[in-house]
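Undergrad: Fold the following.
(one chain, ligands or ions: 1)
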Amino acid sequence: MLTDCYFVLGVSPDASLTQIKRAYKRALKKLDAAPPGSDAHSRFMQIKDAYETLSNSSRRLDHNRMLIDSGSESEMDDGLFDSAFELLSGFERYSPSHDEIRETIEQNFTQQHLPKSMAQRELTVEVMMTPEQAARGGSVPIDFPVADVCHSCNGTGVSGFYLCDDCGGQGIDWISKRIDVLIPAHANDGTNIPVSLKPFGVSNLFLNVLVRIAAMSEQA
Ligand SMILES: [Zn+2]
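TA: Numbering: from 1, shown residues only. Predicted coordinates:
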């Protein structure tokens, strides 16, 4: 059976790293105070494992995915929405602007080396869902642009003596990548899901998906 790390540490699915650290220390203290028993070691291992999982963003995402999988075995499809959201146009509220986001993503692919000092930008998008969707949890597909090597010029940007027509000499092609952001079951209004875009080659933009739950009266 899958162990719910949030349950082990007694934190909510949207707990911040600080909250997780605090809960970890609290759990260890409680363990110290408990009378020595045969299960103290296994309990310690469980707490340690839960902390290590939740304090690592990619392991945490995997864990969220496993929790959803284990909780929705009878569901044929864990998708919460029929179609994907476009990162650059599919969300209502934006800060930074569309152009800034596009530029930020582009820098990962058009600059040979990103300046080390460059701050990672954060982009928060809000996903509206019904109370039923939030209770069930599931995936929210989001499409965003990433670059691929231009196949016409193999990334050289030139074709013979001329600039490659297909990529305008940049050596890259823009393609759309889909990321399935997993919303844990029983998400609350305001639950924030941090999403790293690093696996897609975007290291300077960090995505926060904020769950918004529509009030009952607003539902069609
Ligand atoms: Zn090309």
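Undergrad: Every contact and neighbour count from this point should use C-alpha atoms.
TA: OK.
Undergrad: Distance of the residue nearest to Asn64 when sequence neighbours are not counted relative to the ion?
TA: Leaving out its chain neighbours, the residue that sits closest to Asn64 by C-alpha to C-alpha, 6 or more residues apart in numbering is Pro184, at 6.1 Å. To the ion, Pro184 is 41 Å away according to C-alpha to the ion, to the nearest Å.
Undergrad: Could you check how many residues crowd around Pro184?
TA: Pro184: 26 surrounding residues under other C-alpha atoms under 10 Å.
Undergrad: Please read off the pLDDT at it from the model.
TA: pLDDT recorded at Pro184 is 90.
Undergrad: isn't it right up against Ile68?
TA: Yes: counting by C-alpha atoms under 8 Å, Pro184 touches Ile68, with 6.2 Å between them.
Undergrad: what is in contact with those two at once?
TA: 137-138 (C-alpha atoms under 8 Å, 6 or more residues apart in numbering).
Undergrad: which is the next helix or strand following the helix or strand of the chain with the lowest mean pLDDT?
TA: Least confident helix or strand, the chain: helix 57-71 with a mean of 81, by mean pLDDT, DSSP states H and E. Next along the chain after helix 57-71, taking DSSP states H and E as the criterion, comes strand 85-86.
Undergrad: Quick one: list the elements packing against that following strand.
TA: Packing partners of strand 85-86 (3 or more C-alpha pairs under 8 Å, 6 or more residues apart in numbering; DSSP states H and E): strand 138-149.
Undergrad: Can you give the contact residues for the strand it packs on?
TA: Applying C-alpha under 8 Å, 6+ apart, the set of residues contacting strand 138-149 is 68, 78-81, 83-88, 105-106, 109, 155, 171-185, 200-202.
Undergrad: distance between the helix or strand that that strand is followed by and the chain's centre?
TA: Using DSSP H and E, the helix or strand that follows strand 138-149 in sequence is strand 158-159. Centroid separation for strand 158-159 versus its chain: 37 Å, with C-alpha atoms, centre = their mean, to the nearest Å.
Undergrad: How about stretch 190-210?
TA: So, by C-alpha atoms, centre = their mean, the centroid of stretch 190-210 is 5 Å from its chain's centroid.
Undergrad: Next, the distance between the ends of that stretch.
TA: 6 Å (C-alpha to C-alpha, to the nearest Å).
Undergrad: So what's the model's average confidence on that stretch?
TA: 90.
Undergrad: quick one, domains of the chain?
TA: 1-55, 77-218 (automatic domain parsing).
Undergrad: so where is the protein shaky, pLDDT-wise?
TA: 1, 36-38, 70-78, 93-94, 112-118, 216-220 (pLDDT under 70).
Undergrad: what ranges do the strands span in this protein?
TA: For the chain, the strands defined by DSSP state E cover 85-86, 121-129, 138-149, 158-159, 162-163, 172-183, 192-196, 205-213.
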